[in-house]
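Visitor: need a structure here:
(2 chains)
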Protein chains: 2
Amino acid sequence: MDALKERIIKEGQYLGGGILKVDSFINHQVDPALMDACGVAFAERFRDLGATRVLTAEISGIAPAIAAAKHLGLQVVYARKSKPITMPDQVYLTIAPSHTKGRQVELIVSPEYLGRGERILIIDDFLASGATILGLVRLTQAAGAEVAGIGTLIEKSFEGGREALAYLGVPVEALVVIESMEDGKFVFAD
Amino acid sequence: MDALKERIIKEGQYLGGGILKVDSFINHQVDPALMDACGVAFAERFRDLGATRVLTAEISGIAPAIAAAKHLGLQVVYARKSKPITMPDQVYLTIAPSHTKGRQVELIVSPEYLGRGERILIIDDFLASGATILGLVRLTQAAGAEVAGIGTLIEKSFEGGREALAYLGVPVEALVVIESMEDGKFVFAD
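Guide: Numbers count the residues shown, from 1 in each chain, chains lettered A, B, ... in the order given. So this is what the prediction gives:
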């Protein structure tokens, strides 16, 4: 997706250690118009998936997931990283390592909003190692629902996430694929 | 705003202790169409404010802030509750008590996205005691920027937040104002 790729070229910063800083339009400041355009692009790719709900993880997945869900006419559920007092005692909970936090985080979803027989579209900001997304896959399966597809704004294809998700046999779509960031020079797929 | 009020009547649950559960359309599951309509309503109320940026706090403020910012043509910055590795060492940080977490949380904004002379529109999901919003006010002022207005989806007017913000002398708008929730019966203003 050209608008997102151009923004990465213009404002993305490679911080070393595989970390791409996109805080000016995704991870701290959000550009709502760009995010809406990403939602349109997700909807085009996932229109025929028959998804019944969008699932993401707080915090950075929320903006792209809402944009995608809006253009697909679906509700979005974001997995919480700590259990709020409004959540029932019985929840779905899994542990996933966080790339940018350097520690394990919990991902928690209430059974109220993730049900048996549903077809779930997972949306997140990054596909890197796939660890967070695999956590969302486990939550989906724990609920007796099915993963219908996976979409991310940016894929860092050199971190192996796509391979880790391949066993699911579902469409995995990234709006922009980065093949390499060595020396801060971005190499994009196609 | 009628659509939001109707949704609160239909799906909101009073849990006691001043806690309103709206997890099915705001705080865990998000209804993107409703949120977009709320964004339109915010934009109508704040169109003439001359705001240069929208500021909110993760996590629950993100959805309404993005919706408002989209319809105002602005960027949105969400204050982080922990400092990610992508953030510079020098930040604006304040401490605010969290109503739903029962503890103090940090609110952190990078100086990269909040600058001197700006006019900031603060958006959040709830106006209760005003503690989180006052934290965002302090961050704004620490950056040498000015609070131009404050908007929330829902105000619980019996918790005194509006009075706590009055000294700022800026417009404070809530899309729905709840005057009482005793025995789970919602009483709305107007």
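
Visitor: Contacts made by the helix or strand where residue A:77 lies with the rest, please.
Guide: Using DSSP states H and E, residue A:77 sits within strand A:76-79. By CB atoms under 8 Å, 6 or more residues apart in numbering or on different chains, the list of residues contacting strand A:76-79 from outside reads A:53-58, A:61-62, A:65-66, A:68-69, A:107-109, A:113-114, A:123, A:135-136, A:139, B:28-30, B:32, B:59. Any C-beta I mention is one placed from the backbone N, CA and C, and that applies to glycine too.

Visitor: now swap in stretch A:183-190 and tell me
Guide: Outside of stretch A:183-190, the residues within contact range by CB under 8 Å, 6+ apart are A:5, A:8-9, A:12-14, A:157, A:176-181.

Visitor: which is the next helix or strand following the longest strand along chain A?
Guide: Counting by DSSP state E, the longest strand found in chain A is strand A:146-156. Where DSSP H and E defines the elements, the next helix or strand beyond strand A:146-156 is helix A:161-165.

Visitor: if we can go back for a sec, now a PyMOL select for only the buried ones of the contacts of stretch A:183-190.
Guide: Only the buried entries of the contacts of stretch A:183-190 go into this PyMOL selection, using 16 or more other CB atoms under 10 Å in any protein chain shown:
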select buried, chain A and resi 5+8+12+14+157+176+177+178+181
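
Visitor: At the geometric centre of chain A, which residue do we find?
Guide: residue A:124 (1.0 Å; CA atoms, centre = their mean).

Visitor: Let me see the contact set for residue A:158.
Guide: A:178, A:179, A:180.

Visitor: follow-up on the earlier one: which of the contacts of stretch A:183-190 lies closest to chain B?
Guide: Of all the contacts of stretch A:183-190, residue A:13 has the smallest distance to chain B: 8.2 Å, by CB to the nearest CB.

Visitor: didn't that closest one look like it was pressed against residue A:20?
Guide: Yes - counting by CB atoms under 8 Å, residue A:13 does reach residue A:20; the two are 7.4 Å apart.

Visitor: any common contacting residues for those two?
Guide: By CB under 8 Å, 6+ apart, residue A:13 and residue A:20 have no common neighbours.

Visitor: if we can go back for a sec, and the contacts of stretch A:183-190, which of them are in helices?
Guide: A:5, A:8, A:9 (DSSP state H).

Visitor: which one of those sits closest to residue B:144?
Guide: residue A:8 (29.8 Å; CB to CB).

Visitor: quick one on the thing from earlier: what's the average pLDDT for the strand holding residue A:77?
Guide: The average of the pLDDT scores along strand A:76-79 is 98.

Visitor: top helix in chain A by residue count?
Guide: Longest helix in chain A, counting by DSSP H: helix A:32-46.

Visitor: Would you map the strands across chain A?
Guide: For chain A, the strands defined by DSSP E cover A:13-14, A:20-21, A:29-30, A:53-57, A:76-79, A:92-98, A:103-109, A:119-127, A:146-156, A:172-180, A:187-188.

Visitor: could those strands go into TSV alongside distance to residue B:128?
Guide: As requested, these are exported to TSV (distance: least, CB to CB, whole Å):
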stretch	distance to residue B:128
strand A:13-14	37
strand A:20-21	34
strand A:29-30	24
strand A:53-57	26
strand A:76-79	21
strand A:92-98	27
strand A:103-109	23
strand A:119-127	29
strand A:146-156	33
strand A:172-180	37
strand A:187-188	45
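
Visitor: so where is chain A shaky, pLDDT-wise?
Guide: A:99-101 (pLDDT under 70).

Visitor: One more pass at 50, please.
Guide: Within chain A, not a single segment meets pLDDT under 50.

Visitor: quick revisit: now do the longest helix of chain A: distance to the chain's middle.
Guide: How far helix A:32-46 lies from its chain's middle: 13 Å, per CA atoms, centre = their mean, to the nearest Å.

Visitor: repeat for stretch A:149-166
Guide: In terms of CA atoms, centre = their mean, the centre of stretch A:149-166 is set 10 Å apart from its chain centre.
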